[in-house]
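Enquirer: Quick one: sequence and predicted model below, then my questions.
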Amino acid sequence: MVEYRIDRRSGVATYVQIVQQTKQALRLGHLRPGDKLPTAREVVEATAINPNTVLKAYRELEREGLVEARRGLGTFVKRALSTAPAESPLHGELDDWAARAHASGLDRDDVAALFTAVLEKHFSVHEKHLQGESS
């Protein structure tokens, strides 16, 4: 079961945070096809957000084909996104790196900026190369 954490200071719409966190849980294998998402009521009780916000997020996930609503039963995962399960050796290495970054005095925003810069370096070049081949 996924537990949503809402960051009201992030500038990211609340429903988008729910969508992003659900996708992250799918990618890491924490959610698998057939798993039930928390009910809107459970999310509202845990996060103090409007029920319509939860429903909007779930509709977006349904539109993307990731979940399906079953009348009277709830919302269930339809397909997985996991390509890097939480048990991956890379997960452990990244966890160690994040601990070292934190111990060295970097805050969350510093780590996010550093990690984003590295992602851009390694993945943007590859994606641009692939786009160039398909043109």
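Expert: Okay, I see it. Numbers count the residues shown, from 1 in each chain.

Enquirer: how's this protein carved up into domains?
Expert: What automatic domain parsing lists as the domains of the chain is 14-77, 89-134.

Enquirer: between those, which gets the lowest average pLDDT?
Expert: Among those, domain 89-134 carries the lowest mean pLDDT, a mean of 80.

Enquirer: Relative to Val2, which of the domains of the chain is closest?
Expert: Closest of the domains of the chain to Val2 is domain 14-77, at 4.5 Å (criterion: CB to CB). No exception for glycine: its C-beta is placed from N, CA and C like everyone else's.

Enquirer: Quick one: distance of that closest one to the chain centre.
Expert: In terms of CA atoms, centre = their mean, to the nearest Å, the centre of domain 14-77 is set 11 Å apart from its chain centre.

Enquirer: repeat for stretch 91-108
Expert: In terms of CA atoms, centre = their mean, the centre of stretch 91-108 is set 19 Å apart from its chain centre.

Enquirer: related to what we said a few turns ago, most neighbours per residue, which of the domains of the chain?
Expert: Counting by mean count of other CB atoms under 10 Å, domain 14-77 has the highest mean neighbour count of those, with a mean of 16.
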